[in-house]
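Student: Structure of the sequence below:
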Amino acid sequence: MKLKLIMVLAAAAGLTACNRAPQPANFEQFYTERLEAATTLQDSITAIDGSFLGGYFAAQTPRMVGPNANRNEILRGMRAVMCADTADNEYIMGIRMGLAVFEVYQHVAKAGDVSKEQFISTLSRAFHLDSITPDQLEKLQPLFQQMYTEVDEVVRKREEQVIYDTPRARSNRDMADRVAQKLMSDPAYKPVGNDGLLAKVTAEGDGEVINPNSRIKVTITERRCDTLEPVRRLVKAILIAGNTRNNVLQSVIPFMSLGETAEFFVPYTLAYGVKGNDAIGVGPCESLIAEVTVEPYDPAEEK
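Tutor: Model (predicted):
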């Protein structure tokens with residue numbers, strides 16, 4: 001009896017497989033076949049809108065979620081929303097609000113084990129309050145934004161601690177310590193500031209401190225500490241002294257004057273930090289040697 005039942009189930013499965021529509025070769029064939037089969041406006045709406053939205057989210061999923069996203073889980077969420085009664089506008093609005101709430105919760109939960117139950121309970125009790133004024137919300141909003149900032153800082157420190165403890169980061173710090181000790185034994189190098197920056201002036205400037213709001217012309221070559229291999233070079237870039245958008249320049253310019261050329265040992269804390277800069281190949285906790293020339297900016301040169 002059991003064997004007969006198994007044979008019947010196997011035959012049914014084979015029949016189902018034979019009757020299943022073949023997978024379309026591509027997206028265009030997929031929606032074309034559905035449009036050709038449409039006989040009513042409703043069929044056309046399903047064919048066009050369903051195909052477009054499915055294709056759109058399929059194309060966006062790798063960017064929004066990742067290349068290995070579980071599409072069945074994404075569809076499970078979509079179907080859960082589609083089960084809502086579209087005539088109940090408040091419920092639909094609640095789903096939209098809930099998605100926004102969930103994004104906030106996902107963010108703050110990065111800072112630790114934030115109780116979802118307590119979070120929802122607080123939200124629910126606040127939601128049932130009456131007479132909430134814009135002024136009251138405006139008063140709380142800065143604290144809300146501050147909490148976001150604090151969470152970001154906690155997450156950043158956690159990520160950096162993981163990187164800081166890697167063998168590569170440890171090796172870069174050890175190498176930089178050796179280079180710094182060697183340079184400090186050279187009388188030409190002088191400590192500047194209190195953060196481990198060392199400077200050797202190779203061409204004197206005019207001696208005046210550079211105004212952070214003034215335009216200057218900068219040439220800089222950033223090199224590795226050990227091999228002196230260049231990692232980045234800017235030639236006569238025109239910029240605002242106090243807003244260079246370059247970590248290394250922000251660290252060294254306050255200690256230079258117009259017309260000066262100097263060589264700096266720049267600790268990783270004043271360069272690209274614990275994470276480094278993958279775009280230019282600077283590794284984690286990697287200190288640099290920077291050769292910098294600062295010249296006055298003359299607008300007449302651009303005419």
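Student: which non-adjacent residue is nearest Ala180?
Tutor: Nearest non-adjacent residue to Ala180, counting by Cβ to Cβ, 6 or more residues apart in numbering: Phe265, 5.9 Å away. (C-beta placed from N, C-alpha, C; glycine too.)
Student: wait, what's in contact with the one you found?
Tutor: By Cβ atoms under 8 Å, 6 or more residues apart in numbering, the residues touching Phe265 are Val179, Ala180, Leu183, Tyr189, Gly196, Leu197, Leu198, Ala199, Cys225, Ser287, Leu288, Ile289.
Student: quick check, Lys236 in a helix?
Tutor: No. Counting by DSSP: H, G, I helix; E, B strand; the rest coil, Lys236 falls outside a helix, being strand.
Student: since we're on it, how many residues are nearby?
Tutor: Residues lying near Lys236 (other Cβ atoms under 10 Å) number 11.
Student: try Gly196
Tutor: Neighbours of Gly196 under the rule other Cβ under 10 Å: 18.
Student: Count the residues that sit near Asn246.
Tutor: When neighbours are defined as other Cβ under 10 Å, Asn246 has 19 of them.
Student: Given the helix or strand containing the residue nearest to Ala180, what are its sheet partners and their directions?
Tutor: In the assignment (DSSP states H and E), Phe265 maps to strand 261-266. With DSSP bridges as the test, strand 261-266 is paired with strand 197-203 (antiparallel), strand 288-296 (antiparallel).
Student: Can you give the strand pairings for whichever helix or strand comes after the first one, parallel or anti for each?
Tutor: For strand 197-203, the following helix or strand on the C-terminal side (DSSP H and E) is strand 215-224. Next to strand 215-224 in the sheet, as set by DSSP bridges, lie strand 230-240 (antiparallel), strand 288-296 (antiparallel).
Student: Quick check: bridge partners of Arg223?
Tutor: Following DSSP bridges, Arg223 is listed with bridge partners Pro230, Ile289.
Student: before we move on, back to that, need the winner for burial among the strands paired with strand 215-224.
Tutor: Ranked by mean neighbour count, these are led by strand 288-296 with a mean of 20 (mean count of other Cβ atoms under 10 Å).
Student: tell me which element the nearest residue to Lys110 once chain neighbours are set aside is part of?
Tutor: Distances taken as Cβ to Cβ, 6+ apart put Val155 closest to Lys110, at 4.8 Å, once the chain neighbours are dropped. Per DSSP H and E: Val155 is located in helix 134-164.
Student: Enumerate the positions of that helix that are buried.
Tutor: Buried residues in helix 134-164, counted by 16 or more other Cβ atoms under 10 Å: Val151, Glu160, Ile163, Tyr164.
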